[in-house]
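In: Here's a sequence, model it:
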Amino acid sequence: IMEKHGMGYNGYELALNASGNVYGRLNGVDAADRQVVSTTKYPLNGSAWMHVAMTYATTSGNRLYINGIEEDHGVFSSNIAANTLALGIGAQPGSSITSLFRGAIDDARLYNRELSAAEIATLASVTPANTAPELATIPDQTIAEETEIAFVAEATDDDLPDDTLTFSLHAGAPAGASID
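Out: Got it, this is the predicted structure:
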């Protein structure tokens, strides 16, 4: 999901494991590797969103939150070891195309302080903005007067969860116009 870490490098990552869990890993200047792992499995159906957050402070360790609820925490009193890698969102920095995140990421954030449990819960409760459906272009047509015209209107809506799209005629539509 997000990382500033690579094979053999110090740093941190928030990722998905092969068992279907979200995990967060911190590598400290003391060469220790500390992981927190979710109990909730990540969605595989392609239509569900999951809010994921990890916090860290030398005084409270690292904590992993799924949909605003703390699922794991670990003792981590060391500083995170620095590295010169770029921050990767959706891919490991410098990795091949096979290491890309397979899913959608919305509103990735990195703070310079530990967020409170209440702040995490607030962020998790934010509903993404509803976007308007996109109507496919209907090509121009030339017809003789008093001739019936027919065309297909198609629209897509990327919002999740899926909504049913309904079509209606504008109040100024010509008399006799209908939708089948």
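
In: got a list of contacts for stretch 82-95?
Out: Stretch 82-95 is contacted from outside by 1-6, 9-11, 99-101, 105, 108, 110, using CB atoms under 8 Å, 6 or more residues apart in numbering. Where you see a C-beta, it was placed from the backbone N, CA and C, and this is true even at glycine.

In: Show me where this structure has its helices.
Out: For the chain, helices defined by DSSP state H occupy the ranges 117-124.

In: So residue 135 versus residue 76, what's the distance?
Out: As judged by CB to CB, to the nearest Å, residue 135 and residue 76 stand 51 Å apart.

In: closest to residue 154 among the contacts of stretch 82-95?
Out: The closest of the contacts of stretch 82-95 to residue 154 turns out to be residue 105 (CB to CB; 27.8 Å).

In: Just give me the neighbour total for the closest one.
Out: By other CB atoms under 10 Å, 11 other residues sit near residue 105.

In: Make sure it is actually in contact with residue 1.
Out: Yes. Assessed by CB atoms under 8 Å, residue 105 is found in contact with residue 1 at 6.5 Å.

In: from the contacts of stretch 82-95, which is closest to residue 171?
Out: Nearest member of the contacts of stretch 82-95 to residue 171, counting by CB to CB, is residue 105, at 41.0 Å.

In: Without its sequence neighbours, what residue ends up closest to that closest one?
Out: Using CB to CB, 6 or more residues apart in numbering and skipping residues adjacent in sequence, the residue nearest residue 105 is residue 90, 5.5 Å away.

In: Roughly how far does the one you found sit from residue 120?
Out: Taking CB to CB, one finds residue 90 at 21 Å from residue 120.

In: Looking at these two, which one has more neighbours?
Out: Higher neighbour count among residue 90 and residue 120: residue 120, with 22 against 15, using other CB under 10 Å.
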